[in-house]
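Asks: Pasted the sequence and its predicted model underneath.
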Amino acid sequence: MAQEIRNYTMNFGPQHPAAHGVLRLIMEMDGETIVRADPHVGLLHRGTEKLAESKPFNQSIGYMDRLDYVSMMCNEHAYVKAIENLLGIEAPERAQYIRTMFDEITRILNHLMWLGSNALDLGAMAVFLYAFREREELMDCYEAVSGARMHATYYRPGGVYRDLPAQMPQYRESPWHKGKDLKRLNQWREGSMLDFLDAFTADFPTKVDEYEELLTTNRIWKQRTVGIGVVSPEHAQAWGMTGAMLRGSGVAWDLRKKQPYAKYAEMDFDIPVGVNGDCYDRYLVRVEEMRQSNRIIKQCVQWLRANPGPVMVENYKVAPPKREEMKESMEALIHHFKLFTEGYGVPAGETYAAVEAPKGEFGCYLVSDGANKPFRVHLRAPGFAHLSSIDTIVRGHLLADVVAMIGTYDLVFGEVDR
Amino acid sequence: MGEQILNQLIWPVIYILCITIPVILAVAMFVYWERKVIGWMHVRMGPNKIGPLGLLQAFADVVKLLIKEVILPTNANKFLYYLAPMLALVPALAAWAVIPFNDKLVLSNANAGLLYLLAMTSLGVYGIILAGWASNSRYALLGAMRSAAQVISYELAMGLCLVCVLVLAGSLNLTDIVHAQAGSKGILDWFWLPLLPVFVVYFISGVAETNRAPFDVAEGESEIVAGFHVEYSGSAFAIFFLAEYANMILVSFLASILFLGGWLSPFPVTWGFIGHASFFWLFIKAFMFAFMFLWFRATFPRYRYDQIMRLGWKVFIPIAIVWVLVAGCMKFYGIAGA
């Protein structure tokens, strides 16, 4: 009697240690081999695009943070840039430099998170905690400028919320941090935020060396990543991949170079590209990107130190007037009231603004009908385009390779599901 | 009659308790030590709240696990589901019967001690397979299959390593094996030197055999969640945990007995006090190996399942087979061995 042998299906996620949030993969498997992987998305859908249609432009900036919640300011940047395009205004130079710097801080934040979780997915625990040690320092920079560690809402149309703090916040004494330990923690925090970043950027390359020491030449790491999840350049372009996924395959496409925004045209940095398009190359690309981001931050710090100035346009139709002015001037008070109740109207039109977010091209397509709310916002999330390719890439790989692949996609479901 | 019962029943039970209770306590402290060491390696603190320096953490965990409900998954085979953890634990503890702690201190000075150990360490895999099978979960089943294949292939490599020791020592009795390593040169007399490749293969196989990182594919946290024991909770889980750690400590003791001269001092006997044999040496050596387990876990990424098999079959087993011949020649020409 003939018996039918069927592949079995396995439910990978949405509650799974390697699902990076709420990815649900329905996998058809032949033993350990993947025959088909079907990603199900939408479990984290919050309707950000629709929500943005119902409130004044400025009030949606905070939602952008919550899209890709490990590269917060880059998302804000795309949205703010789209509004600025339609308004026809440009942020002051200092604000542009601050944005460039924080975009790169964000890139490091994101890549550290990616590095740690990817390594943890493949079983290397130490890298995760080392990466979070440095991540904490940069989180403090977020907190210093915006008051929030993650959801900063720091970029505003017309500039940034406020200038960099003159004093970097310090650790206070507590039962956990005292004496020598406290001194060590506050060592970099004696001066301004720029001093802090100076110390950080001087030290960070040695920290990257530390991560690389644990992984780059590790035989097990190489066995797990070399030749796994190969994406050819044609394939990558066909799937609409951007960022490290595309550059790992050897295509030197980076919006920071190809369509420079903010102050990237003035910056001196390189775009690393991979050769084979496998997980290992993408790993190398991202690690090198951290070093390059470090270089950019250094250049920004140098410029910002030498050139004080305004960080917000002096256009009270868009930016709130100064507090002191409001005490004296009726005009300013009205502007303030109008801004925080009605917001501002944006000329009718449509625009697409994209930035090179750490994960790839993050774009914001904005249509305005002249009202104080957007008529339509569409967000282009890099992760969504990447994830759609998972079936073709992991077919024939083993179960453990799916984990490596999900790790190297650098998925965050906030932006995939929006 | 009374004396007979005393000799055949009461004393053996007391002896057994004298070994198993310290082993279980050692497991508790080892878990604490593991979390502490890995914490230090990861620039964090490790447990530090319960008891002085967090020393009582392991006991708090035990109490927590014991008062949790043991959940039986729907459609799980109840008998096998509850049998599996016991099958994992019993061999892990029974194997300790033949471990000599010094010249005299051994529960059973069996002549076929080495064979008994092989048998006991191989039996442990039944617990894992049954756990995976009885849980009626696909993750658990995958874990069980991985584990079965892995343990069986590394068992072979491990067995061949033991053959090398057996050839040099000329005995299956563990006490005799240690005696065979005694000599005037201290550390240079031990079997690790003539059997260096096999020594490495043995310890790595030991790591694989106990399903520890980087060979922990049977648990494979990020792939199959917790593998074979994904459905287990409460005390049933605690028993698997206990078995795994008891096995780790066992492998550490075995490696020190078979290759590092057991309780012998690394210094020549002529050096006086520090040249004396003592079970402290055994503990120091075993501790060193146990520490390596933790070090591996803190550092290495996890192998993929097929890569583990390749390493076992294509690297370790050939090395061990070749070294069986080499060891035979060494013995024949009197280069090494008693």
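Replies: Thanks, I have the structure now.
Asks: what bits of chain A have low per-residue confidence?
Replies: A:1-2 (pLDDT under 70).
Asks: Which helix or strand contains the residue in the stretch 101-250 of chain A positioned nearest to chain B?
Replies: Going by CB to the nearest CB, chain B is nearest to residue A:123 of the stretch 101-250 of chain A, at 2.8 Å. The way it works is simple: take the backbone N, C-alpha and C, and place the C-beta from them, glycine included. Using DSSP states H and E, residue A:123 sits in no helix or strand.
Asks: Also the one 10 residues further on?
Replies: In the assignment (DSSP H and E), residue A:133 maps to helix A:125-146.
Asks: Next up, the contacts around the residue of the stretch 101-250 of chain A closest to chain B.
Replies: By CB atoms under 8 Å, 6 or more residues apart in numbering or on different chains, the residues touching residue A:123 are B:213-214, B:216, B:221-222, B:300-302.
Asks: Could you check how far the residue in the stretch 201-338 of chain B that chain A sits nearest to is from residue B:140?
Replies: Nearest to chain A in the stretch 201-338 of chain B, going by CB to the nearest CB, is residue B:302, at a distance of 2.8 Å. Residue B:302 is 18 Å from residue B:140, where distance means CB to CB, to the nearest Å.
Asks: Assign the residue lying closest to residue A:62 once chain neighbours are set aside to helix, strand or coil.
Replies: Closest residue to residue A:62 apart from its sequence neighbours, by CB to CB, 6 or more residues apart in numbering or on different chains: residue A:153 at 4.5 Å. The assignment at residue A:153 comes out as coil when based on DSSP: H, G, I helix; E, B strand; the rest coil.
Asks: wait, residue A:153 sits on residue A:63?
Replies: No - assessed by CB atoms under 8 Å, residue A:153 is found out of contact with residue A:63, at 9.3 Å.
Asks: Nearest residue to residue A:354 in space, please, no chain neighbours.
Replies: residue A:363 (3.7 Å).
Asks: can you confirm that neighbour is in a strand?
Replies: Yes - counting by three-state DSSP, residue A:363 is part of a strand.
Asks: Isn't it up against residue A:352?
Replies: Yes - assessed by CB under 8 Å, residue A:363 is found in contact with residue A:352 at 5.9 Å.
Asks: what about those two, which has more around it?
Replies: Legend: neighbour count by other CB atoms under 10 Å in any protein chain shown for residue A:363 and residue A:352, higher for residue A:363 (22 against 14).
Asks: residues in contact with the more buried one?
Replies: Residue A:363 neighbours (CB under 8 Å, 6+ apart): A:78, A:352-355, A:379-380.
Asks: and of those, the nearest to residue A:209?
Replies: Ranked by distance to residue A:209 (CB to CB), the contacts of residue A:363 are led by residue A:355 at 28.7 Å.
Asks: SS state for the closest one?
Replies: Per three-state DSSP, residue A:355 ends up strand.
Asks: what residues are up against it?
Replies: A:74, A:77-78, A:81, A:103, A:255, A:261, A:361-363.
Asks: let's see 7 Å
Replies: A:74, A:77-78, A:81, A:255, A:261, A:362 (CB atoms under 7 Å, 6 or more residues apart in numbering or on different chains).
Asks: Among those, name the buried ones.
Replies: Neighbour counting by 16 or more other CB atoms under 10 Å in any protein chain shown classes A:74, A:77-78, A:81, A:255, A:261, A:362 among those as buried.
Asks: Which of those residues fall within strands?
Replies: Cross-referencing these against strands under DSSP state E gives residue A:362.
Asks: where do the strands sit along chain B?
Replies: In order along the chain, chain B carries no strands (DSSP E).
Asks: thinking again about what came up before, show me the contacts of residue A:355 that map onto helices.
Replies: Judged by DSSP state H, helices contain the following of the contacts of residue A:355: A:74, A:77-78, A:81, A:255.
Asks: From these, pick the one nearest residue B:92.
Replies: residue A:74 (51.6 Å).
Asks: Contact residues of the stretch 201-350 of chain A facing chain B?
Replies: Residues of the stretch 201-350 of chain A that fall close to chain B, judged by CB under 7 Å from any CB of the partner chain: A:214, A:218, A:220-221, A:223-224.
Asks: picking that back up, just put the ones in helices among the contacts of residue A:355 in TSV and tack on distance to residue A:297.
Replies: Listed next are these as TSV, based on distance: CB to CB, whole Å:
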residue	distance to residue A:297
A:74	14
A:77	15
A:78	20
A:81	20
A:255	18
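Asks: Can you tell me which of those is closest to chain B?
Replies: Scanning the ones in helices among the contacts of residue A:355 for proximity to chain B, where the rule is CB to the nearest CB, the winner is residue A:74, at 26.9 Å.
Asks: so what's that closest one closest to, chain neighbours aside?
Replies: residue A:357 is the one closest to residue A:74 (CB to CB, 6+ apart), at 4.0 Å.
Asks: now do residue B:149
Replies: Using CB to CB, 6+ apart, the nearest residue to residue B:149 is residue B:309, at 6.4 Å.
Asks: That neighbour contacts residue B:146, doesn't it?
Replies: No - look at residue B:309 against residue B:146 with CB atoms under 7 Å: they stay out of range, at 9.4 Å.
Asks: Grab the most central residue of chain A for me.
Replies: residue A:71 (2.2 Å; CA atoms, centre = their mean).
Asks: is it true that that residue touches residue A:358?
Replies: Yes - the criterion here is CB under 7 Å, and residue A:71 meets it with residue A:358 at 4.6 Å.
Asks: Overlap of the contact sets of those two?
Replies: Joint contacts of residue A:71 and residue A:358 (CB under 7 Å, 6+ apart) are A:106, A:110.
Asks: residue ranges of the helices in the stretch 201-338 of chain B, please?
Replies: B:221-224, B:234-259, B:279-299, B:305-310, B:317-332 (DSSP state H, counting those that start in this stretch).
Asks: Deepest in the core, which of those is it.
Replies: For those, the largest average neighbour count (mean count of other CB atoms under 10 Å in any protein chain shown) is found in helix B:221-224, namely a mean of 25.
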